[in-house]
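K.L.:
The following block contains a protein sequence and its predicted model.
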Amino acid sequence: MPERTESESRKLLRRLRDTLAAPGDGQARLDSITHHIADSMRTQVCSIYLFCDPDTLELCATEGLRRQAVHQTRLRLNEGLVGRVARTGRPINTANAPAEPGFRYMPETGEEVFPSFLGVPIQRVGEKLGVLVVQSREAREYSDDEIYGLEVVAMVLAEMAELGAFLGNGAQLSAHRLPLVFRGSTGQEGSAEGHVWLHEPRVVITNPVGDDPEKERARLTEAVAMLRQTVDDMVDSADLVSGDGEGVLEAYRMFARSRSWLRRMEEDIDLGLSAEAAVEKEQSHARAKLESTGDPYLRDRLHDLDDLSNRLLRILTGQGRNTGIPMPADPILVARNIGPAELLEYGRSLRGVVLEEGSVGSHAVIVARALAIPLVIHAARITSDALNGDPILVDGDTGLVHLRPEETVAAAFRDKIAMQTEAQKSYAGLRDLPARALCGTTVRLMMNAGLMADLPSLEGSGAEGVGLFRTELQFLIRSRVPRRSELAALYLRVMDNARSKPVIFRTLDIGSDKVLPYMKRIDEPNPAMGWRAIRVGLEKRGVLQMQLQALIRAAEGRELHVMFPFVADCDEFYEARAMLMAQMEREAAMGHAPPTGVRVGAMLETPSLAFAPEAFFRACDFISIGGNDLKQFFFAADRENERVRKRYDTLSAPFLDLIEMIVNRCAATDVPLSFCGEDAGRPAEAATLAALGLRVLSMRPASIGPVKALLRRTDLAALKALIDTERAAGTVTLRPVVARFLGLI
């Protein structure tokens with residue numbers, strides 16, 4: 001078969017465009033398309049397989065195979081050659097299909113007489129829609145030009161699907177009208193109903209086929225020039241504090257000036273695509289590589305290319321991030337990922353947030369918690385399926401998201417929200433009452449914070465103070481290191497808003513999943529156990545010293561509480577405390593009024609510190625157990641890894657033994673002890689920790705009511721006796737017996 005010329009390719013694309021414009025339902029259009037493709041490529045067979053659910057492909061149209069197989073033949077995602085193309089997102093080209101690994105014979109189609117097989121994915125910017133296949137009786141492999149040409153056709157099919165060309169009777173290539181359920185992970189508890197607001201709405205391409213290649217090339221050249229100028233301006237005006245950030249932006253500029261990127265898009269235009277479709281075709285290739293690579297550096301570079309493609313598409317189409325569509329009154333933000341500064345810009349206007357990526361310890365999650373916004377992370381591919389204005393339900397308690405839910409689902413969800421609202425009203429009545437258990441034990445309930453937006457919750461939640469103020473958020477939401485005067489002013493406002501209640505400031509905890517925008521990212525085999533928190537502070541002493549100076553100035557005339565994070569060795573604490581005392585002397589020498597007193601503590605987040613010498617405990621004014629990190633290191637289970645983090649339970653006997661050992665060591669040395677982390681805000685865990693002897697728990701404000709309500713109806717002495725009995729009997733997981741005792745099951 002002769003290779004198709006560029007003009008033949010454009011001719012085929014125009015025929016497809018005419019098919020789109022012609023009257024008829026979705027099935028008729030698909031049938032016409034397979035006929036045109038087979039005729040243009042001079043093959044005996046052209047078939048379109050589409051996803052009917054996330055794991056199943058269905059033969060929806062064919063020219064050359066048996067017609068009765070349409071809508072009857074189905075393949076699982078990795079079944080047969082078609083399923084392999086769908087799974088990998090890569091073409092398969094073979095002269096002998098039956099000899100290929102994984103080949104599946106489907107007798108109902110009659111395809112056994114067509115040994116030659118070429119299949120390419122139908123996809124749009126990472127959204128896999130189906131597979132386009134051509135087959136021939138002649139045993140041969142298709143040429144590179146033919147493969148490339150069929151990929152261009154598949155790209156146009158994906159764009160036509162976005163425009164709704166195949167909706168109607170029979171086949172449906174777009175799932176944007178169907179109810180969908182996404183199973184993600186909990187980032188922030190709570191439930192919300194609203195309508196989708198896409199952080200970066202997809203660009204809608206209305207002209208995938210270009211009639212005049214020269215005109216489309218000119219449009220592309222002009223748009224690329226504008227893009228390069230925009231990137232140059234961004235690099236030149238960036239407020240950078242070191243060469244690291246400048247290097248990142250220079251790499252970004254290098255991509256924008258890539259000749260190979262531009263050349264590939266020009267080749268797509270020559271085959272008949274519009275400038276917009278050519279950009280998106282190359283973006284889809286980059287996105288496919290992004291999904292398959294495990295190299296962090298390469299992923300970052302492909303992210304850059306993805307972002308540049310989006311910018312270029314907006315220039316070509318005139319569709320900015322603000323598309324002119326008003327934000328709904330009940331917006332639920334849907335995004336691949338989002339930074340803390342961007343999330344803060346939305347503020348409390350959002351009902352909820354759903355992210356494709358993110359992590360349980362990321363700064364976006366911390367901001368969502370500060371704003372008390374339900375958040376689900378790891379909702380795979382939701383940005384591909386959601387459209388602005390779609391109704392959506394977010395269940396932050398279970399990690400479920402219902403997109404375009406059926407009315408029965410929505411009604412049940414509203415009942416759940418109503419019950420939660422009633423419960424919150426009952427908790428409000430406990431606000432001014434102590435968390436005193438039936439046995440007479442009183443537990444102080446503190447709140448975690450990190451933003452000024454958190455502070456109003458101090459009064460409303462009934463918290464007795466701020467047990468953990470995360471100071472790193474002020475560094476994460478800026479494009480440069482904040483000035484000492486800015487930090488001092490912020491810390492002063494925090495203390496003023498807390499009035500007489502204590503605020504424990506944790507010094508800068510960066511590294512691992514919290515990387516500053518202006519800080520060079522260091523690729524480490526295991527960043528959670530790498531260069532982070534106090535380890536950074538003791539090596540980059542200037543930033544920590546500046547932060548300590550700001551805290552000292554802000555605490556003028558008040559008691560100052562400072563806590564150093566991630567202390568693994570007692571010498572780290574001694575060195576950090578000495579640095580604080582040196583800054584106290586420096587500030588006094590400069591004439592700044594000192595705090596009335598300074599209390600210095602450590603976060604116990606590593607098992608090693610639990611076994612530190614007694615002298616360490618006596619040197620601390622207080623200790624706070626950082627439950628999230630301590631649990632992940634105790635169980636050797638990365639809390640960012642969904643496959644392992646949920647396998648290990650806080651209420652397991654070995655972990656409770658460690659907690660009780662820490663309680664006893666602090667009691668023996670008369671060191672005040674608290675517990676902060678997600679488990680402090682979960683009622684069953686909070687009651688268990690209190691039964692083991694913890695008298696201070698710090699949690700998100702919304703958890704204080706439920707925890708206080710449970711503690712006030714619990715006999716902690718009886719719970720402790722039950723825990724001791726079960727551990728003595730060899731029970732490993734105490735959750736079932738604790739939950740029954742507390743009346744939670």
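P.N.:
Looks like it came in fine. In this text the structure is predicted, and so the values were computed from the model without any measurement. Residues are numbered from 1 along each chain as shown.

K.L.:
Pretty sure residue 120 sits in a strand.
P.N.:
Yes. Assessed by DSSP: H, G, I helix; E, B strand; the rest coil, residue 120 belongs to a strand.

K.L.:
Surely it is in contact with residue 150?
P.N.:
Yes. The pair residue 120 and residue 150 passes the contact test of CB atoms under 8 Å, sitting 5.1 Å apart. C-beta coordinates here come from the backbone N, C-alpha and C atoms, glycine included.

K.L.:
Can you check which residues contact both of the two?
P.N.:
91, 132 (CB atoms under 8 Å, 6 or more residues apart in numbering).

K.L.:
Run through the neighbouring helices and strands of the host helix or strand of residue 578.
P.N.:
Following DSSP states H and E, one finds residue 578 within helix 570-589. In terms of contacts (3 or more CB pairs under 8 Å, 6 or more residues apart in numbering; DSSP states H and E), helix 570-589 is packed against helix 534-539, helix 541-554, strand 559-564, strand 597-604, helix 614-619.

K.L.:
in the stretch 201-350 of the chain, what spans have low per-residue confidence?
P.N.:
Applying pLDDT under 70 to the stretch 201-350 of the chain flags residues 202, 234-252, 288-307, 319-324, 339-341.

K.L.:
Quick one: the helices in it, in order.
P.N.:
213-237, 243-256, 259-270, 275-292, 296-317, 340-346 (DSSP state H, counting those that start in this stretch).

K.L.:
ok, and what's touching the last one?
P.N.:
Surrounding helix 340-346, the residues in contact under the criterion CB under 8 Å, 6+ apart are 199, 331, 333, 353, 363-364, 366-368, 371, 451, 453, 473, 476-478.

K.L.:
I'd like the next helix or strand past that helix.
P.N.:
Helix 340-346 is succeeded, C-terminally, by strand 352-355 (DSSP H and E).

K.L.:
Which strands and helices lie in contact with that following strand?
P.N.:
Counting by 3+ CB pairs under 8 Å, 6+ apart, the packing neighbours recorded for strand 352-355 are strand 185-188, strand 331-335, helix 363-370, strand 375-377, strand 391-395.

K.L.:
So in this structure, where's the weakest helix or strand by average pLDDT?
P.N.:
Least confident helix or strand of the chain, by mean pLDDT, DSSP states H and E, is helix 243-256 with a mean of 57.

K.L.:
Give me the nearest residue to residue 470, chain neighbours excluded.
P.N.:
Closest residue to residue 470 apart from its sequence neighbours, by CB to CB, 6 or more residues apart in numbering: residue 450 at 3.6 Å.

K.L.:
Count the residues that sit near the one you found.
P.N.:
23 (other CB atoms under 10 Å).

K.L.:
and what of residue 627?
P.N.:
Neighbours of residue 627 (other CB under 10 Å): 24.

K.L.:
Could you double-check that it lies in contact with residue 681?
P.N.:
No. Under the criterion of CB under 8 Å, residue 627 makes no contact with residue 681, lying 10.1 Å away.

K.L.:
before we move on, back to that, ok, which of the helices and strands packed on helix 570-589 comes nearest residue 662?
P.N.:
Comparison of the helices and strands packed on helix 570-589 against residue 662 by CB to CB identifies strand 597-604 as nearest, at 6.4 Å.

K.L.:
ok, that closest one: who's next to it in the sheet?
P.N.:
strand 559-564 (parallel), strand 622-626 (parallel) (DSSP bridges).

K.L.:
Any chance you could list what contacts the last one?
P.N.:
What it means is strand 622-626. Contacts of strand 622-626 (CB under 8 Å, 6+ apart): 467-468, 504, 561, 563, 565-566, 599, 601-605, 617, 659, 662, 666, 671-677, 694, 698.

K.L.:
now do stretch 655-665
P.N.:
Outside stretch 655-665, the residues that touch it by CB under 8 Å, 6+ apart are 604, 607, 610, 614, 617, 623, 625, 630-631, 634-635, 648-650, 673, 675, 688-689, 692-694, 723, 727, 734.

K.L.:
quick one, what contacts residue 63?
P.N.:
Residues 31, 34-35, 37-38, 45-47 are the ones in contact with residue 63 under the rule CB under 8 Å, 6+ apart.

K.L.:
how much space between residue 427 and residue 686?
P.N.:
Remark: distance between residue 427 and residue 686 (CB to CB, to the nearest Å) = 14 Å.

K.L.:
I should have written residue 39 there, sorry.
P.N.:
70 Å.

K.L.:
that older thread, quick one, which of the contacts of stretch 655-665 are buried?
P.N.:
Among the contacts of stretch 655-665, those classed as buried by 16 or more other CB atoms under 10 Å are 604, 610, 617, 623, 625, 630-631, 634-635, 648-650, 673, 675, 688-689, 692-694, 723, 727, 734.

K.L.:
what comes up buried for stretch 673-684?
P.N.:
673-684.

K.L.:
Need the contact partners of stretch 136-151.
P.N.:
1, 3-4, 9, 37, 41, 43-45, 91, 93-96, 113-116, 118, 120, 132, 134, 271, 281.

K.L.:
ok, how many other residues are close to residue 392?
P.N.:
27.

K.L.:
Sorry, wrong one. I was asking about residue 206.
P.N.:
10.

K.L.:
how much space between it and residue 272?
P.N.:
16 Å.

K.L.:
Also residue 433?
P.N.:
On the measure of CB to CB, residue 433 and residue 272 end up 73 Å apart.

K.L.:
quick one, which of these two is more surrounded?
P.N.:
With neighbours defined as other CB under 10 Å, residue 433 and residue 272 compare such that residue 272 has more, 29 against 11.

K.L.:
and that one, how far is that from residue 11?
P.N.:
8 Å.

K.L.:
now swap in residue 29 and tell me
P.N.:
18 Å.

K.L.:
Compare those two and say which is more crowded by neighbours.
P.N.:
A side-by-side neighbour count of residue 29 and residue 11, using other CB under 10 Å, places residue 29 first with 23 against 15.

K.L.:
Where strands are concerned, which of the buried ones among the contacts of stretch 655-665 count?
P.N.:
604, 623, 625, 673, 675 (DSSP state E).

K.L.:
okay but the fourth one is in contact with residue 696, surely?
P.N.:
Yes. Proximity of residue 673 to residue 696 meets the contact threshold set by CB under 8 Å, at 7.0 Å.

K.L.:
related to what we said a few turns ago, the more surrounded of residue 427 and residue 686?
P.N.:
residue 686 (27 against 18).

K.L.:
name the element that one belongs to?
P.N.:
Per DSSP H and E: helix 683-691 holds residue 686.

K.L.:
hmm, who's touching that helix?
P.N.:
Here helix 683-691 has contacts from 437, 441, 443, 650-651, 656, 659, 675, 679-680, 697, 699, 706-707, 709-711, 714, 716-717, 719-720, 723, 734-735, 738-739, 742, 744, using CB under 8 Å, 6+ apart.

K.L.:
for stretch 550-563, same thing?
P.N.:
Counting by CB under 8 Å, 6+ apart, 468, 484-485, 487-492, 494-495, 502-507, 548, 580, 583-584, 587, 592-603, 622, 624 sit against stretch 550-563.

K.L.:
Could I get the buried residue list for that stretch?
P.N.:
550-556, 558, 560-563.

K.L.:
What sits closest to residue 207 if chain neighbours are left out?
P.N.:
Using CB to CB, 6+ apart, the closest residue to residue 207 is residue 274 (4.9 Å).
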